[in-house]
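Trainee: what's the 3D shape of this:
(2 chains)
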2 protein chains.
Amino acid sequence: MLVVKVGGGEGIPIDAVCQDVRDLTQQGERLILVHGASHETNVLSEALGKPPRFVTSVSGMQSRYTDRETLMLFCMAYVGKLNKLFVERLQQLGVNAVGLCGADGRSMEGTRKAAIKVVEDGKRRVLRDDFTGRVERVNMGLLTLLLDNGYTPVLCPPALSYESEIINVDGDRAAAVLAVACKAETLVMLSNVPGLLRDLDDTDSLVRCVERDQLDAAMDIAQGRMKKKVMGAREALEGGVGTVILGDARLEQPIRRALQGCGTVLR
Amino acid sequence: MLVVKVGGGEGIPIDAVCQDVRDLTQQGERLILVHGASHETNVLSEALGKPPRFVTSVSGMQSRYTDRETLMLFCMAYVGKLNKLFVERLQQLGVNAVGLCGADGRSMEGTRKAAIKVVEDGKRRVLRDDFTGRVERVNMGLLTLLLDNGYTPVLCPPALSYESEIINVDGDRAAAVLAVACKAETLVMLSNVPGLLRDLDDTDSLVRCVERDQLDAAMDIAQGRMKKKVMGAREALEGGVGTVILGDARLEQPIRRALQGCGTVLR
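Mentor: Presented below is the predicted three-dimensional model:
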């Protein structure tokens, strides 16, 4: 069982990912694809005159401030646009893809944060109209049903809260929870960087391997978006996933390159 | 087996429809919900500075001109927004809804019109960059799999062409093809009018019943959007569906009122 997460940053090529998914599923690999759409969400938000607003939690994590209106834009970019582009391309390649967000069949459920404490202009504030949360539970029944019948699930945020509200969740950490739930041997996380870099401006500073006892050090190195990927990797490894690979989505055959160890291997 | 189509016109209340779906599925009814989102698509198109453009075919049918960019807006409004609002509300009511468009698992497939002949300003033109078509085939395997396992499918356009392109299709006629494919006894089509009216300005002019041999006369009466509904009704009846009811989505308990005969009953 293989879970592949493709980031939603700028310049992520859908085509190469889909071709790898086709080859791997043709070889009999059970595979679930998870994708993001953060760049598309930003583009849509800007175009609609509602520029994205990012908030920083007191623990230093950045997230998209998601009121109900933003949540709808989020759904449109993730489920309406990117998910359908992945499904269409996979179908063209002969993969019988089924796109689902976490609300569909409660495929990904979790807790909505009732209030988030953020720091803005140096001041602490509490936001209560934010629809964000984190995935804690996966409906493996539905995913197994699809996989057993020849369908390839293509999952994306949003998820559903236990109170059945649509919530914005981090896709990397959702993929980690999913990889644990489906007992994946491997979780591949592709984005528009080569992997975990010691120095963001120097691709030669790639960290090639992180052993489990080095995860704290890896967290210290990671910056920005990469922090959530390393957190996701840690959650996956602690949950029993054998290997997590942070790979480069922009390569030819990006999934297979990652599986060959191209990127940062955490194990 | 019951297929319910809810229109995507302005002022369609999601909530009342979802409550009826909950009550009916709790009573053991096998039900598939199909919905539109034409008004949402118009709103989004306007907001993005790309106002909708409607074209009239040489046979007099109006349809949305759907180039690839419009197709993405269409997907965002239908799949990203409306479909997720239906799924969320149904989940809140305890219905395990799964939202799918026609591309997902090839749930609704059909022919893309290679070129459409339209009349603009009195002149005939051929449009070749239009991604529209019609649903001809339904993946009942997937829908049965979901229904048999306690999920309620919530379907919407777009569909997928046989060449695996996403295509804009008419939701009413898609619902008719679906009703035939799943051997539904009844197809309910709800919109923001009381049913087939002899005079659009006079709700007292409602046609209460149309027998099969009166369908040509009904087609003559129908105007605008209602033409496609009557065409869909005819296709459903000819395909073996027992009864088609054109009902008012704006009533309390709109599905149950339609099933009680409130609206136009075609049989």
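Trainee: alpha carbons of stretch A:33-42, as CSV, please.
Mentor: The C-alpha atoms that make up stretch A:33-42 are tabulated as CSV, following Å, rounded to 0.1, in the frame of the first residue of the first chain:
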residue,chain,number,x,y,z
LEU,A,33,-3.3,9.9,-4.2
VAL,A,34,-3.7,13.0,-2.0
HIS,A,35,-3.3,16.5,-3.3
GLY,A,36,-3.2,20.1,-2.2
ALA,A,37,-4.3,23.2,-4.0
SER,A,38,-3.0,26.1,-1.9
HIS,A,39,-1.6,28.0,-4.9
GLU,A,40,-4.9,27.7,-6.8
THR,A,41,-6.8,28.9,-3.7
ASN,A,42,-4.6,31.9,-3.5
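Trainee: are it and chain B in contact anywhere?
Mentor: No - where contact is defined by C-beta under 8 Å from any C-beta of the partner chain, no part of stretch A:33-42 touches chain B; the two come within 9.6 Å at best. Glycine gets a C-beta too; all of them are placed from N, C-alpha and C.
Trainee: residue contacts, the residue of the stretch 1-150 of chain A found nearest chain B?
Mentor: Residue nearest to chain B within the stretch 1-150 of chain A: A:Gly80 (2.3 Å; C-beta to the nearest C-beta). A:Gly80 is in contact with B:Met72, B:Cys75, B:Met76, B:Ala77, B:Tyr78, B:Val79, B:Gly80, B:Lys81, counting by C-beta atoms under 8 Å, 6 or more residues apart in numbering or on different chains.
Trainee: can I get the residues you listed in JSON lines with pLDDT and secondary structure?
Mentor: Shown next, in JSON lines, are the contacts of A:Gly80 (pLDDT from 0 to 100; DSSP: H, G, I helix; E, B strand; the rest coil):
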{"residue": "B:Met72", "pLDDT": "97", "secondary structure": "helix"}
{"residue": "B:Cys75", "pLDDT": "98", "secondary structure": "helix"}
{"residue": "B:Met76", "pLDDT": "98", "secondary structure": "helix"}
{"residue": "B:Ala77", "pLDDT": "98", "secondary structure": "helix"}
{"residue": "B:Tyr78", "pLDDT": "98", "secondary structure": "helix"}
{"residue": "B:Val79", "pLDDT": "98", "secondary structure": "helix"}
{"residue": "B:Gly80", "pLDDT": "98", "secondary structure": "helix"}
{"residue": "B:Lys81", "pLDDT": "98", "secondary structure": "helix"}
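Trainee: go through the lowest-mean-pLDDT helix or strand in chain A and flag the buried ones.
Mentor: Across the helices and strands of chain A, mean confidence by mean pLDDT, DSSP states H and E is lowest for strand A:62-64: a mean of 83. With burial defined by 16 or more other C-beta atoms under 10 Å in any protein chain shown, the residues of strand A:62-64 counted as buried are A:Ser63, A:Arg64.
Trainee: next one: stretch A:199-215
Mentor: The neighbour-count criterion (16+ other C-beta under 10 Å) identifies A:Leu206, A:Val207, A:Val210, A:Leu215 as the buried residues of stretch A:199-215.
Trainee: please enumerate the helices of the stretch 151-267 of chain A.
Mentor: With DSSP state H, counting those that start in this stretch as the definition, the stretch 151-267 of chain A shows helices at residue ranges A:171-181, A:215-221, A:225-238, A:254-259.
Trainee: which elements pack onto the first one?
Mentor: Okay, so that is helix A:171-181. For helix A:171-181, the elements it packs on are strand A:2-6, strand A:31-35, strand A:108-112, strand A:132-138, strand A:152-156, strand A:186-191, helix A:225-238, judged by 3 or more C-beta pairs under 8 Å, 6 or more residues apart in numbering or on different chains; DSSP states H and E.
Trainee: mind putting these into CSV with mean neighbour count?
Mentor: Supplementary listing: the helices and strands packed on helix A:171-181 in CSV, determined by neighbours: other C-beta atoms under 10 Å in any protein chain shown:
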stretch, mean neighbour count
strand A:2-6, 28
strand A:31-35, 25
strand A:108-112, 22
strand A:132-138, 22
strand A:152-156, 26
strand A:186-191, 27
helix A:225-238, 22
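Trainee: mean pLDDT and distance to B:Asp130 for the ones you listed - can I get that in CSV?
Mentor: What follows is those, written out as CSV (pLDDT from 0 to 100; distance: least, C-beta to C-beta, whole Å):
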stretch, mean pLDDT, distance to B:Asp130
strand A:2-6, 98, 30
strand A:31-35, 98, 28
strand A:108-112, 97, 36
strand A:132-138, 96, 39
strand A:152-156, 98, 26
strand A:186-191, 97, 34
helix A:225-238, 94, 39
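Trainee: who touches the helix or strand harbouring A:Ser45?
Mentor: Using DSSP states H and E, the element containing A:Ser45 is helix A:38-47. Contact partners of helix A:38-47, identified using C-beta under 8 Å, 6+ apart, comprise A:7-10, A:12, A:51-52, A:64, A:70, A:73-74, A:76-78, A:81-82, B:48, B:76.
Trainee: quick check on these: which are buried?
Mentor: Buried by 16+ other C-beta under 10 Å: A:7-9, A:12, A:52, A:64, A:70, A:73-74, A:76-78, A:81-82, B:76, out of these.
Trainee: widest-spaced pair of those?
Mentor: With distances taken as C-beta to C-beta, the most widely separated pair in these is A:Ile12 and A:Thr70, at 21.4 Å.
Trainee: the residue of chain A positioned farthest from its centre bridge partners, please.
Mentor: Within chain A, the residue lying farthest from the chain centre (C-alpha atoms, centre = their mean) is A:Lys123, at 29.9 Å. Assessed by DSSP bridges, A:Lys123 has beta-bridge partners A:Glu120.
Trainee: surely A:Lys84 forms part of a strand?
Mentor: No - with DSSP: H, G, I helix; E, B strand; the rest coil as the criterion, A:Lys84 is located in helix rather than a strand.
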